[in-house]
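Asker: Fold the following.
(one chain, ligands or ions: 1)
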Amino acid sequence: MKKPLKIILVYGLTLICFSCYYNEFPELEDIIIDPEEEISFSNDILPIFEANDCAQCHNPAQQEPDLTPANAYNSLVPDYVNPGNANSSSLFTTLNNGHRDLDATSLEYIKEWINRGANPN
Ligand code: HEC
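Answerer: Here you go, the predicted structure:
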């Protein structure tokens with residue numbers, strides 16, 4: 001094989017390998033929720049609590065905040081959520097510190113829901 005061809009082949013394969021690597025491991029910065037998208041408590045946030053079975057512990061008989069669907073909003077706001085500021089909201093900081101090992105997309109939705117005003121709908 002001619003040398004230039006060999007070089008192109010090696011570089012090409014290396015590039016392909018690296019592009020796969022990045023496709024499989026998206027970084028947190030890659031999760032961008034459309035700024036125009038309205039984030040809904042009942043359609044976007046409650047399903048995260050349900051999917052992660054938060055109410056198994058967070059219910060009226062056990063642990064505050066109460067995350068059962070009918071009570072979750074009033075239990076969270078304003079005690080655990082400071083509308084407009086996720087970094088001063090213990091709902092976000094607790095989860096961001098690894099409580100329940102939430103996936104990055106769910107975490108980003110909770111953060112943006114708070115930063116966009118913690119819409120009750
Ligand atoms: C296995 C039981 C369990 C599950 C499931 C669970 N939690 Fe918790 N959570 C706790 C306990 C216990 C505490 C209090 C002690 C602590 O902070 O770890 C707590 C504390 C919290 C706090 C309060 C932090 C503070 O500042 O007081 C928040 C907010 C919270 N959990 C949110 C969630 C969310 C959201 C989910 C679901 C993604 C969840 N938890 C799932 C047991 C649980």
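
Asker: Return the residues of the protein in contact with the ligand.
Answerer: Neighbours of the ligand within the chain, by Cβ under 6 Å from any ligand atom: 49, 52-54, 56-58, 63, 65, 67, 80, 90-91, 94-95, 99-100, 102. Yep, even glycine has a C-beta here, placed from its N, CA and C like the rest.

Asker: Now which of these would you call buried?
Answerer: The neighbour-count test (16 or more other Cβ atoms under 10 Å) marks Phe49, Asn52, Cys54, His58, Pro65, Leu67, Tyr80, Leu91, Leu95, Leu102 as buried among the residues of the chain next to the ligand.

Asker: Okay, helices next: where are they in the protein?
Answerer: Taking DSSP state H as the criterion, the chain carries its helices at 3-24, 46-51, 72-76, 90-96, 104-115.

Asker: shaky segments in this protein?
Answerer: Flagging of the chain using pLDDT under 70 yields the residue ranges 1, 7-9, 11-29.

Asker: Find the residue at the geometric middle of it.
Answerer: The chain has Leu107 as the residue nearest its centroid, 2.1 Å off, counting by Cα atoms, centre = their mean.

Asker: isn't it right next to Asn97, touching?
Answerer: No: using Cβ atoms under 8 Å, Leu107 makes no contact with Asn97, being 10.7 Å away.

Asker: which other residues reach stretch 35-49?
Answerer: With Cβ atoms under 8 Å, 6 or more residues apart in numbering as the test, stretch 35-49 has contacts from 33, 55, 58, 67, 69, 72-73, 102, 106, 109-110, 112-113, 116, 118-121.

Asker: now do 7 Å
Answerer: 55, 67, 69, 72-73, 106, 109-110, 112-113, 116, 119-121 (Cβ atoms under 7 Å, 6 or more residues apart in numbering).
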